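[1] Got a predicted model here, sequence first, then my questions.
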Amino acid sequence: MKQRAKTPVFPAVIPDIEEWPIYKLSEDRRAFIQEIDAFTQDRLTRKSTQKVTDLIAETVYQERIRIKEERWKVDPPKERQFWSRIRRKLVKYSLDKPDTEAKQNNAEILQTIIHRYSEEIVGTFRIRTFRFARRFLTLFFNTLLQARQRGFWRIGGQKRRLLAEKLIVEGELEKIRGLFTKGTLVVVPTHFSNLDSILIGYVLDLILGLPSFSYGAGLNLYNTGYTAYFMNRLGAYRVDRRKKNSIYLETLKTMSNLSLQRGTNSLFFPGGTRSRSGKLEEKLKLGLLSTTVEAQRALYQQGKDQKLFIVPLVLGYHFVLEAPYLIEGYLRTLGKERFLKSRDDFYNPLQIIRFIWKVLSEGNDIALSFGQPMDVLGNPVDIDGNSYDKYGNLINVRDYFVTDGKVTEHLQRESEYTKDLAEKIVERYHSDNIVLSSHLVAYGAFQMLRKENARLDLFGLLRLPHEDYVFEASVLKDVIEQIRQELFIMETAGKIKLSKVISGDIDALIQDGLAHLGTFHLKKPLKYNKAKEIISEDFTLLYYYHNRLENYHLDEVIELKKEAMVTLEPS
């Protein structure tokens, strides 16, 4: 089987931080916000006067409900008063007024709302803060890597290990670095944990040597003072997922569009939020993704040959701290069942430190698999940024935005391009997914449980009394071996990637998977009991980790030995 190369560490592509696109954007923040305001205003006021009036009224209504039912510490001061003033202006100056007068008044009200949103969304980038964060994270990670063997403070005489040694970083890394000098990069990762942004930022900066990216951070992350201080100064733009009104969403999309046109490299999670099921994303949100297509067309309209390059990225952990909270939310939505709601307290800095400690000190590999770079149409590109169709023919992306010999805005056409791009990204997610030992062991165990209780649906399986069930070791080993053989075939065909341990001794593989699966959870998805039997303390968590290999149809290759069949009665 394929052997994994050691993670390389590259020099900086642009050593001078003042030459970084994100720094230049931040230095021009005021003018950038003015651009956002004007562009969004133009886009929205193309609608009829009545539609704009309804748009404002709907926004006011939704915002007043949000303030009443879901206030956060990070919310701007005097929000209630602001939206009350907007409501009074709308009633007094727009409703039941002549069309010309209402149109002018709507424009003023709309401008006020858009500017409030753009000021909230656009972040800044401070060099001193960035340098401090870089030094702190490097020291912090390296210290943790020593602490388990030498004690937290007694690390002086032992050779430091780089975080890179704990990471499985794969993909066309040299090509990605080369493309950075040819155009603008847009990294689109899978999303499983709030740790994702920290790790991606570390890898892009200190391993790939790339300048900082503009990235979207949920506004909820700003509720903690320390977190807010750094994120406000490290290039993050704020995304408030409570706000679903059209004015806010259009302002957010405009910010992304215009920053890409300015050559600012971007990172956002196209799945929108963390995967609640534990599955790889299958359907992406098209809002921010569509801005890559619009920005590319706009650049061609301006006579520029600058290209945007989309880079899918798949993250893989042995365990996810938020898993209990995430899977319960998924199951509540899926089955409309009543589950006890867990707290999602992964915004607590102490929780994050404890989680990172576990990840780095327990021998847990972290996988980051960079997918094949592509243009905004989903076509693969070479290191020089040239695009090729599925037959390997060189193509000119500009031609796909031309009507009657001229590059034109055609939103319906661009919408179809965005859908195609989303499908290509999802395909890359599945083919570039790196299977860790815990993924395989969890999948095999849950499929074993499912096949032994074939008459039950998912919720019936999850209600089984886990304390009465033992995973017969020999049967589990046989199941995992069947799956592993299929994975070898898939890897050869380029349909998936496997971590090094997958191709090693089967017993060592199972031991590794059990040792790492759900390390941090109080209730273990799989573990050995005192009698050295394999048991589960939580079938729901086992299902979550099993889902990492869902949708590969691996269940079709599993055949259980008849004598091993055991059924349980739901409790």
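    Arrived safely.
[2] Not counting sequence-adjacent ones, nearest residue to Pro8?
    With sequence-adjacent residues excluded and distances taken as CB to CB, 6 or more residues apart in numbering, Pro8 is closest to Leu173, at 6.8 Å. No exception for glycine: its C-beta is placed from N, CA and C like everyone else's.
[3] End to end on stretch 198-216, go ahead and measure it.
    Criterion CA to CA, to the nearest Å; first-to-last residue distance in stretch 198-216 is 12 Å.
[4] And the contacts of stretch 393-411?
    296-297, 300-301, 305, 307, 375-377, 379, 386-389, 413, 417 (CB atoms under 8 Å, 6 or more residues apart in numbering).
[5] give me that answer again for 10 Å
    With CB atoms under 10 Å, 6 or more residues apart in numbering as the test, stretch 393-411 has contacts from 290, 293-294, 296-303, 305, 307-308, 375-377, 379, 381-382, 385-389, 413-414, 416-417.
[6] Looking at that stretch now, give me its mean pLDDT.
    Mean pLDDT, computed over stretch 393-411, is 96.
[7] Quick check: what element follows the strand or helix carrying Leu44 along the chain?
    Element membership for Leu44 (DSSP states H and E) is helix 29-45. Using DSSP H and E, the helix or strand that follows helix 29-45 in sequence is helix 49-69.
[8] orientation of that next one relative to helix 29-45 in degrees?
    Interaxial angle of helix 49-69 relative to helix 29-45 (axes from the mean of the first three to the mean of the last three CA atoms, to 10 degrees): 120 degrees.
[9] Give me the helices and strands touching helix 49-69, please.
    Contact analysis of helix 49-69 by 3 or more CB pairs under 10 Å, 6 or more residues apart in numbering; DSSP states H and E lists helix 29-45, helix 79-93, helix 99-121, helix 246-261 as its packing neighbours.
[10] Which of the contacts of stretch 393-411 are buried? Put it as a ChimeraX command.
    Listed next is the ChimeraX selection for buried residues among those, using 16 or more other CB atoms under 10 Å:
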select :290,293,294,296,297,298,299,300,307,308,375,376,377,379,381,385,386,387,414,417
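[11] Next step: the contacts of stretch 393-411 restricted to helices.
    Among the contacts of stretch 393-411, the ones falling in helices (DSSP state H) are 290, 293-294, 296-301, 413-414, 416-417.
[12] Out of those, which is nearest to Leu55?
    Among the ones in helices among the contacts of stretch 393-411, Ser290 lies closest to Leu55 (CB to CB), at 19.2 Å.
[13] Number of residues surrounding the nearest residue to that closest one once chain neighbours are set aside?
    Spatially, and ignoring its direct neighbours in sequence, Ser290 is nearest to Thr418 (4.3 Å; CB to CB, 6+ apart). By other CB atoms under 10 Å, the residues close to Thr418 number 22.
[14] Could you do Leu110 as well?
    22.
[15] What residues does Phe268 make contact with?
    By CB under 10 Å, 6+ apart, the neighbours of Phe268 are 186-189, 191, 213-217, 237, 239, 256, 285, 287-289, 291-292.
[16] Distance-wise, check it relative to Ala31.
    23 Å (CB to CB, to the nearest Å).
[17] List buried residues within the contacts of Phe268.
    By 16+ other CB under 10 Å, those give 186-189, 191, 213-217, 237, 239, 256, 287-289, 291-292 as buried.
[18] got TSV for the ones in helices among the contacts of stretch 393-411, with distance to Phe82 too?
    Shown next, in TSV, are the ones in helices among the contacts of stretch 393-411 (distance: CB to CB, whole Å):
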residue	distance to Phe82
Ser290	29
Val293	34
Glu294	30
Gln296	36
Arg297	35
Ala298	32
Leu299	36
Tyr300	39
Gln301	36
Arg413	38
Glu414	34
Glu416	39
Tyr417	38
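[19] closest to Leu458 among those?
    Ser290 (33.7 Å).
[20] Glu559 against Ile483, yeah?
    No - counting by CB atoms under 10 Å, Glu559 does not reach Ile483; the two are 11.2 Å apart.
[21] Look at these two and report which has more neighbours.
    In this view Glu559 and Ile483 are compared by other CB under 10 Å, and Ile483 has more residues nearby, 23 against 10.
[22] pLDDT score assigned to that one?
    Note on Ile483: pLDDT of 98.
[23] Hmm, it is touching Lys477, no?
    No - in this structure, Ile483 is not within contact of Lys477 by CB under 10 Å, at 11.0 Å.
[24] low-confidence ranges in this structure?
    1-6, 140-165, 221-232, 336-364, 562-571 (pLDDT under 70).
[25] Where do the domain boundaries of it fall?
    Following automatic domain parsing, one gets these domains for the chain: 21-121, 128-213+265-432, 434-564.
[26] Present these as a markdown table; the columns should include distance to Ala12.
    Listed next are those as a markdown table, based on distance: least, CB to CB, whole Å:
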| stretch | distance to Ala12 |
| --- | --- |
| domain 21-121 | 14 |
| domain 128-213+265-432 | 5 |
| domain 434-564 | 26 |
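[27] Could you say which one of those domains comes nearest to Pro8?
    When these are compared by CB to CB, domain 128-213+265-432 sits nearest Pro8, at 6.8 Å.
[28] Ends of the closest one, what's the gap?
    Across its full length, domain 128-213+265-432 reaches 36 Å between end residues, using CA to CA.
[29] Do a quick rundown of the helices in the stretch 201-350 of the chain.
    225-231, 246-261, 287-301, 323-335, 349-361 (DSSP state H, counting those that start in this stretch).
[30] Can you point out the buried residues in the fourth one?
    Think helix 323-335. By neighbour count on 16+ other CB under 10 Å, the buried set for helix 323-335 is 323-331.
[31] for the protein, what's the longest strand?
    strand 307-316 (DSSP state E).
[32] Quick one: list the elements packing against it.
    Looks like strand 307-316 contacts helix 173-180, strand 183-189, helix 196-202, strand 266-267, helix 287-301, strand 366-370, helix 411-432, strand 434-435 (3+ CB pairs under 10 Å, 6+ apart).
[33] what are the pairing partners of the second one, and which direction each?
    It refers to strand 183-189. Here strand 183-189 is paired, per DSSP bridges, with strand 266-267 (parallel), strand 307-316 (parallel).
[34] Same list, those, but as CSV with distance to Tyr543 please.
    Formatted as CSV, the strands paired with strand 183-189 follow (distance: least, CB to CB, whole Å):
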stretch, distance to Tyr543
strand 266-267, 30
strand 307-316, 18
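[35] related to what we said a few turns ago, closest one of the ones in helices among the contacts of stretch 393-411 to Gly518?
    Looking across the ones in helices among the contacts of stretch 393-411 and measuring by CB to CB, the closest to Gly518 is Ser290, at 37.1 Å.
[36] Any figure for the gap between the closest one and Ile14?
    28 Å.
[37] and what of Asp240?
    Taking CB to CB, one finds Asp240 at 32 Å from Ile14.
[38] go on, Met255?
    Distance, Met255 to Ile14, using CB to CB: 23 Å.
[39] Compare these two (neighbour count), which wins?
    Met255 (27 against 15).
[40] where's the more buried one relative to Asn106, distance?
    Separation of Met255 from Asn106 (CB to CB) stands at 22 Å.
[41] Repeat that for Lys477.
    68 Å.
[42] With Val186 instead?
    Using CB to CB, Val186 is found at 34 Å from Asn106.
[43] cool, and Ile425?
    Distance from Ile425 to Asn106, by CB to CB: 38 Å.
[44] How about Val122?
    From Val122 to Asn106 the distance is 24 Å (CB to CB).
[45] Looking at these two, which one has more neighbours?
    The neighbour count for Val122 versus Asn106, taken as other CB under 10 Å, is higher for Asn106 (25 against 20).
[46] The more buried one: what's it in contact with?
    With CB under 10 Å, 6+ apart, Asn106 has these contacts: 44-45, 47, 49-53, 55-56, 89-90, 93-94, 97.
[47] For it, give its distance to Thr100.
    Distance of Asn106 to Thr100, computed by CB to CB: 11 Å.
[48] repeat for Phe136
    Relative to Thr100, and taking CB to CB, Phe136 is found at 57 Å.
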